[in-house]
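>>> heads up, no residue letters with this:
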């Protein structure tokens, strides 16, 4: 943190408002001397005063700490980059999810065929499939904060429990 740069920025913000150090001090209920020390870079405002200054000057606290305004282009570029990263991440997650579903479907089909050949009930397989789907929907819901995915995942888990109970009882 460059105190001199921060001080110059605070001075610039005050001048943009068209007020004196005395008027700012009065507005913030502090001494003129404090404002002067901040603007010369001798001292730094405490955290609560940084927040008050940011609100008063209608800037972000980070801008004060950085000692300058953030460009609108920079904010847009950061936003665009984050959107691209989020989109890429979502694509990777979907590919992984598809692979998992395909592998699970193949395993499920093989196990059903084996259980039919050996004349066993496929109930444990259905439970396994429900558990996998429930886990998939709930993990998806945690990433996206979508309540419908939580509900769907929970329903799959309930189906798994009921199917397992029915298998054990019969």
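All right, it came through fine. Remember, it's a predicted structure, so these values are computed and weren't measured experimentally.
>>> Please count neighbours and contacts with C-alpha atoms only from this point.
Fine.
>>> tell me the helices in this structure, going along the chain?
Per DSSP state H, the chain carries helices over the ranges 3-17, 21-28, 32-40, 47-57, 61-66, 72-117, 123-144, 147-169.
>>> Can you flag the weakest of the ones you listed by average pLDDT?
Of all those, mean pLDDT reaches its minimum on helix 72-117 (a mean of 70).
>>> Quick one: list the elements packing against that one.
Applying 3 or more C-alpha pairs under 8 Å, 6 or more residues apart in numbering; DSSP states H and E, we find helix 72-117 packed against helix 123-144.
>>> Name the residues of stretch 34-52 that are buried.
For stretch 34-52, the neighbour count (16 or more other C-alpha atoms under 10 Å) marks 35, 36, 38, 39, 40, 41, 44, 45, 50, 51 as buried.
>>> If you tally nearby residues, what's the number for residue 162?
Neighbourhood size, residue 162 [other C-alpha atoms under 10 Å]: 13.
>>> same deal with residue 148?
Residue 148: 12 neighbours (other C-alpha under 10 Å).
>>> Around the residue nearest to it when sequence neighbours are not counted, how many other residues sit close by?
In this structure, residue 148 finds its nearest non-sequential neighbour in residue 141, 7.8 Å apart by C-alpha to C-alpha, 6 or more residues apart in numbering. Residues lying near residue 141 (other C-alpha under 10 Å) number 18.
>>> and residue 141, what does it touch?
Going by C-alpha atoms under 8 Å, 6 or more residues apart in numbering, residue 141 touches 147, 148, 149, 150.
>>> closest to residue 65 among those residues?
Closest approach between the contacts of residue 141 and residue 65, by C-alpha to C-alpha: residue 147, at 38.5 Å.
>>> For residue 36, see how far away the nearest residue to the closest one once chain neighbours are set aside is.
Closest residue in space to residue 147, ignoring its immediate chain neighbours: residue 141 at 6.7 Å, by C-alpha to C-alpha, 6+ apart. Noted for residue 141: a distance of 52 Å to residue 36, by C-alpha to C-alpha, to the nearest Å.
>>> before we move on, what about residue 50?
15 Å.
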